[in-house]
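Enquirer: Turn this into a structure:
(one chain, ligands or ions: 1)
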Amino acid sequence: MDSNFISQMSCICVGPKRAGKTHLLKALENPGSIDETTYSMPTNGTNIFTINLPTKNVNTSNTTQVTPQTESTMEKNGKDTTIPRRKSQKAPLKCIRILEIGGAMAPLWRQYYENVSKIIYVVDTSNLCQISAAGVLLYSILAEPRLQRCRVLLVLAKMDYAYRQMRNEALLMLQISKLQKEIRQELTIVEASAVDQTGLDAIYAWLQIP
Ligand SMILES: Nc1nc2c(ncn2[C@@H]2O[C@H](COP(=O)(O)OP(=O)(O)OP(=O)(O)O)[C@@H](O)[C@H]2O)c(=O)[nH]1
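Expert: Residues are numbered from 1 along each chain as shown. Below you'll find the model as predicted:
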């Protein structure tokens, strides 16, 4: 096993159909690759994403700066936006592989729960019809005995949309306070957008937690 890989597929990404999983993981894999015109085909199966995690720079003022560690990223205008490694960065590049399981596969998600330590659950905050059902689906995942020791990241996705639900409204519709009283897992909530890259740093930081 490559020692630079934090884990081999112990992290899965699930969520309802068209919630924004593929878009989000593509954005994490290759920041800047997603904009308003990008389209992702529905995943009728699984996708594997290899995400390079940022290296942490701890400066003398005791603050932690997270720098996206990308391969050479070419913007549409052809300009190279690679962020150069700073000389002070000595930590080796860490990667994590994430298994995305399509929303259409929901009845089969449980087949992938073995040896999972982290779950990313993506909810579309712009889809009023789906959001309450997404809460019920999340509860059914977290009740799964094999997932009791998992860390869970709830991603409130598509936050760039003007007509999205705001964080508190979305959490209310998902019944998160009720859910948190009943579950054992540690739940982290992040607002994100694959398009304007909101929340990506917070997700990188969560992925780095052992
Ligand atoms: N504006 C905006 N649109 C998004 C964002 N994420 C996803 N979308 C749109 O939503 C569509 C569906 O996103 P996907 O990432 O394919 O959704 P998914 O959860 O992988 O869907 P399944 O494959 O059905 O499980 C995309 O084609 C985009 O049009 C986002 O952050 N902002």
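Enquirer: Tell me where this protein has strands.
Expert: Remark: strands assigned in the chain by DSSP state E are 11-14, 46-53, 55-58, 64-67, 94-101, 118-124, 151-157, 186-191.
Enquirer: ok, the first one: who's next to it in the sheet?
Expert: The reference is to strand 11-14. Strand 11-14 pairs in its sheet with strand 94-101 (parallel), strand 118-124 (parallel), by DSSP bridges.
Enquirer: what sits against the closest residue to Arg149 other than its chain neighbours?
Expert: Spatial nearest neighbour of Arg149, chain neighbours left out: Ser117 (7.2 Å); criterion: Cβ to Cβ, 6 or more residues apart in numbering. All C-beta spots, glycine's among them, are computed from the backbone N, C-alpha and C. Listed by Cβ atoms under 8 Å, 6 or more residues apart in numbering, the contact partners of Ser117 are Ser7, Ser10, Cys11, Arg149, Cys150, Arg151.
Enquirer: So which of these is the closest to the ligand?
Expert: Taking Cβ to the nearest ligand atom as the measure, the ligand lies nearest Cys11 of the contacts of Ser117, at 15.6 Å.
Enquirer: Spit out the contact partners of that closest one.
Expert: Cys11 neighbours (Cβ under 8 Å, 6+ apart): Ile96, Arg97, Ile98, Leu99, Val116, Ser117, Lys118, Ile119, Ile120, Leu207.
Enquirer: Check Glu100 too.
Expert: Ile12, Cys13, Val14, Lys21, Thr22, Leu25, Thr43, Thr46, Asn47, Ile48, Phe49.
Enquirer: Spatially, what comes nearest to Ala104 if we skip its sequence neighbours?
Expert: Asn44 (5.4 Å).
Enquirer: Any chance of JSON lines for the contacts of Ser117, columns pLDDT and distance to the ligand?
Expert: Below are those laid out as JSON lines (pLDDT from 0 to 100; distance: Cβ to the nearest ligand atom, whole Å):
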{"residue": "Ser7", "pLDDT": "44", "distance to the ligand": "22"}
{"residue": "Ser10", "pLDDT": "92", "distance to the ligand": "20"}
{"residue": "Cys11", "pLDDT": "96", "distance to the ligand": "16"}
{"residue": "Arg149", "pLDDT": "95", "distance to the ligand": "25"}
{"residue": "Cys150", "pLDDT": "96", "distance to the ligand": "19"}
{"residue": "Arg151", "pLDDT": "97", "distance to the ligand": "20"}
